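Student: can't give you the sequence, but here's the structure:
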């Protein structure tokens, strides 16, 4: 895995965080599937975003976590890389190969501060929630990335993967 910017052929590389509360609730944001068409539905997704040029994935994840949730964590203290997913997507703002990597950070639940949202996030994110992990396995809601419930069950059982788990692509 390259340590900076997008690997050759990738349109976008994202560093995301599974922010798991000590009460076994996962922080997820609710947003429009297509911000240009709010009536097209919504989905739930983890904090995180693009790895900028010159950043490592842990640096991007820590930056995004601070901007989107108010939680400041040094990149080296973020937690292990536990999952990845990649695939092709045609989105309103980009088409091509995407890759998301996911770090795990356990925290005491806290009041999320979205004051650092950028304009596009304020326009597309409609809320957030600390989801009970057990509820994620049975919800009819769309949650990205796919495949979270088994991974979270392992983590809750003390089985953090030694190597990142490959999750199904979601587009």
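Tutor: Received it, and whenever you're ready, just let me know what you need. Computed from a predicted structure; not experimentally measured.

Student: give me the contact list for stretch 46-62.
Tutor: 1, 3-6, 12-19, 26-29, 63-65, 68-69, 72-76, 78, 81, 100-103, 144-145 (C-beta atoms under 8 Å, 6 or more residues apart in numbering). Using the backbone N, CA and C atoms, a C-beta is placed for each residue, glycine as well.

Student: weed out the non-buried ones from those residues.
Tutor: 6, 12-19, 26-29, 63-65, 68-69, 73, 75, 78, 81, 100-103, 144-145 (16 or more other C-beta atoms under 10 Å).

Student: could you pull out the strands for the protein?
Tutor: 10-21, 25-32, 42-45, 48-50, 81-91, 94-107, 125-132, 165-166 (DSSP state E).

Student: how far is the longest one from where the chain is centred?
Tutor: Right, strand 94-107. How far strand 94-107 lies from its chain's middle: 6 Å, per C-alpha atoms, centre = their mean, to the nearest Å.

Student: make residue 1 into 52 and carry on from there
Tutor: Renumbered: residue one is now 52, and that last one reads strand 145-158.

Student: just checking: what are the partner strands of that strand?
Tutor: Counting by DSSP bridges, the strands paired with strand 145-158 are strand 61-72 (parallel), strand 132-142 (antiparallel).

Student: could you dump the ones you listed to TSV with distance to residue 102 and mean pLDDT?
Tutor: TSV is the format used below for the strands paired with strand 145-158 (distance: least, C-beta to C-beta, whole Å; pLDDT from 0 to 100):
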stretch	distance to residue 102	mean pLDDT
strand 61-72	5	94
strand 132-142	13	91
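
Student: hang on, the earlier thing: reformat the strands of the chain as a markdown table; add distance to residue 201.
Tutor: Shown next, in a markdown table, are the strands of the chain (distance: least, C-beta to C-beta, whole Å):
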| stretch | distance to residue 201 |
| --- | --- |
| strand 61-72 | 13 |
| strand 76-83 | 13 |
| strand 93-96 | 17 |
| strand 99-101 | 20 |
| strand 132-142 | 11 |
| strand 145-158 | 14 |
| strand 176-183 | 15 |
| strand 216-217 | 9 |
